[in-house]
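Q: coords please:
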Amino acid sequence: MAMLLDFEQPIAALEGKLREMQQLAHDSQVDVSEAVAALEAKIKALKKETYANLTRWQRVQLSRHPDRPYTLDYIEGMSTKFVELHGDRTVRDDKAMVGGFADLDGRSVMFIGQQKGRNTKQRQFRNFGMPNPEGYRKALRLMKLAEKFNKPIITLIDTPGAFPGLEAEERGQGEAIARNLKEMFLLKVPVICVVIGEGASGGALGIAIGDRVLMLENTWYSVISPESCSSILWRSWDYKEQAAEALKLTASDMMQAKLVDGIVKEPLGGAHTAPNKMIDVLKKTLIKTLDELDALPAEERISQRIDKFSAMGVVVE
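A: Next comes the predicted model:
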């Protein structure tokens with residue numbers, strides 16, 4: 001059975017009643033079509049009301065839902081001929097960061113993104129989607145390869161943060177992310193970045209400098225997670241809901257602050273309820289965005305990219 005979040009319980013209860021009613025009609029040949037239609041309408045209305053009024057913390061919960069599509073699900077669902085490339089040519093291959101060339105609607109593109117796991121073994125293998133410095137260096141190597149062959153770059157962001165271990169810091173975690181920021185500003189090819197789940201801090205930003213930065217509807221993007229913020233401010237994780245509200249970390253918050261360029265609508269109920277539909281919607285959005293960026297000369301794209309990020313933030317003198 002799929003995992004249910006607390007605010008999904010009332011909807012699940014009604015869907016359970018609907019299944020019982022349909023089973024009753026099937027077994028007893030009783031006509032309950034009117035009652036079924038009324039219940040279906042009630043479920044749809046409740047879904048619309050629930051998901052239109054989600055709190056910021058509830059959207060954080062949705063972004064972490066274990067049934068949401070992950071980076072490799074999107075790559076395999078949107079494209080063909082995916083060839084995964086490995087290693088940073090210095091330390092090792094970081095399994096938390098994946099990437100490679102693929103065919104997107106007849107166009108060769110470079111996909112790069114953080115990858116999480118679905119069970120305990122996979123999560124350990126993928127380091128819970130938290131890249132080490134070699135992951136960011138691998139990402140930069142693939143970006144430079146794409147630039148060499150004049151292929152657009154699409155990054156898919158879904159990480160609780162860059163790995164904070166001692167060995168990561170010893171190998172230069174900060175330097176690796178900083179170098180990516182600098183180099184991504186100057187890439188001559190189109191760059192599209194999409195937050196598909198969690199967008200935490202520099203771990204997300206390390207592959208998120210692009211001509212277009214998009215967020216799926218139920219994702220978040222912030223310098224810190226609500227739990228970590230709560231533990232710093234209140235010495236407890238119990239205030240994560242208040243922290244999420246204060247951080248203003250949802251897609252609509254980011255659009256309002258002009259920190260992202262667009263929001264990709266999710267199916268009603270979230271991406272995990274209809275993964276194939278979500279993948280198809282994102283594919284169409286990426287193709288349309290690539291067409292727009294292809295029309296611009298490289299120098300103009302780079303200039304607009306730099307101007308966009310330089311205009312972010314508020315300066316008070």
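
Q: Give me the most central residue, this protein.
A: residue 196 (1.4 Å; C-alpha atoms, centre = their mean).

Q: pretty sure it is touching residue 159, no?
A: No: between residue 196 and residue 159 there is no contact under C-beta atoms under 8 Å: 10.3 Å. Placement of C-beta: from N, CA and C, glycine included.

Q: Tell me who's in contact with the residue nearest to the centre of the chain.
A: Contacts for residue 196 (C-beta atoms under 8 Å, 6 or more residues apart in numbering) come out as 68-71, 74, 113, 156-158, 216, 219, 271, 282.

Q: Tell me the one of those residues nearest residue 208?
A: Of all these, residue 157 has the smallest distance to residue 208: 5.6 Å, by C-beta to C-beta.

Q: what domains does the record give for the protein?
A: 8-53, 60-311 (the TED database).

Q: what about the helix or strand harbouring residue 16, distance to the chain center?
A: Per DSSP states H and E: residue 16 is located in helix 9-28. Offset of helix 9-28 from its chain centre (C-alpha atoms, centre = their mean, to the nearest Å): 33 Å.

Q: Just among the contacts of residue 196, which is most surrounded?
A: Compared across the contacts of residue 196, residue 219 has the highest neighbour count, 30 neighbours, by other C-beta atoms under 10 Å.

Q: can you list the weak-confidence ranges in this protein?
A: Within the chain, the stretches with pLDDT under 70 are 1-2.

Q: Which helix or strand lies directly C-terminal to the longest strand along it?
A: In the chain, assigned by DSSP state E, the strand with the most residues is strand 191-200. Using DSSP H and E, the helix or strand that follows strand 191-200 towards the C-terminus is helix 201-205.

Q: if we look at that next one, which residues are touching it?
A: So helix 201-205 is contacted by 114, 130-131, 157, 159-163, 174, 177, 181, 195, 198, 221-224 (C-beta under 8 Å, 6+ apart).

Q: Residues contacting whichever helix or strand comes after it, please?
A: Downstream of helix 201-205, the next assigned helix or strand under DSSP H and E is strand 212-216. Here strand 212-216 makes contact (C-beta under 8 Å, 6+ apart) with 191-197, 199, 221, 251, 254-255, 259-264, 266, 271, 278, 282, 285, 289, 293.

Q: Give the buried subset of these as a PyMOL selection command.
A: The buried residues among the contacts of strand 212-216 can be selected in PyMOL (16 or more other C-beta atoms under 10 Å) with this line:
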select buried, resi 191+192+193+194+195+196+197+199+221+251+254+260+261+263+264+266+271+278+282+285+289+293
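
Q: Which secondary structure state does residue 150 sit in?
A: coil (DSSP: H, G, I helix; E, B strand; the rest coil).

Q: Tell me the spacing between it and residue 211.
A: Counting by C-beta to C-beta, to the nearest Å, the gap from residue 150 to residue 211 is 15 Å.

Q: if you count what's nearby, which of those two comes out ahead?
A: Neighbours per residue (other C-beta under 10 Å) separate residue 150 from residue 211, with residue 211 holding more: 23 against 10.

Q: now the helices for the stretch 1-150 of the chain?
A: 9-28, 33-52, 56-63, 71-78, 120-125, 133-148 (DSSP state H, counting those that start in this stretch).

Q: in the stretch 201-317 of the chain, which spans are helices?
A: Under DSSP H, counting those that start in this stretch, the stretch 201-317 of the chain gives helices at 201-205, 226-234, 240-247, 251-256, 275-294, 298-310.

Q: Out of these, flag the one nearest residue 33.
A: helix 275-294 (26.6 Å).

Q: quick revisit: nearest to residue 34, out of the helices of the stretch 201-317 of the chain?
A: helix 275-294 (28.8 Å).

Q: now the closest one: how far from the chain's centre is it?
A: The answer for helix 275-294 is 14 Å, by C-alpha atoms, centre = their mean.

Q: quick one: it to helix 298-310, angle?
A: Angle, helix 275-294 to helix 298-310, by axes from the mean of the first three to the mean of the last three C-alpha atoms, to 10 degrees: 120 degrees.

Q: buried residues in helix 275-294?
A: Those would be 275, 278, 279, 281, 282, 283, 285, 286, 289, 290, 293, for helix 275-294 by 16+ other C-beta under 10 Å.
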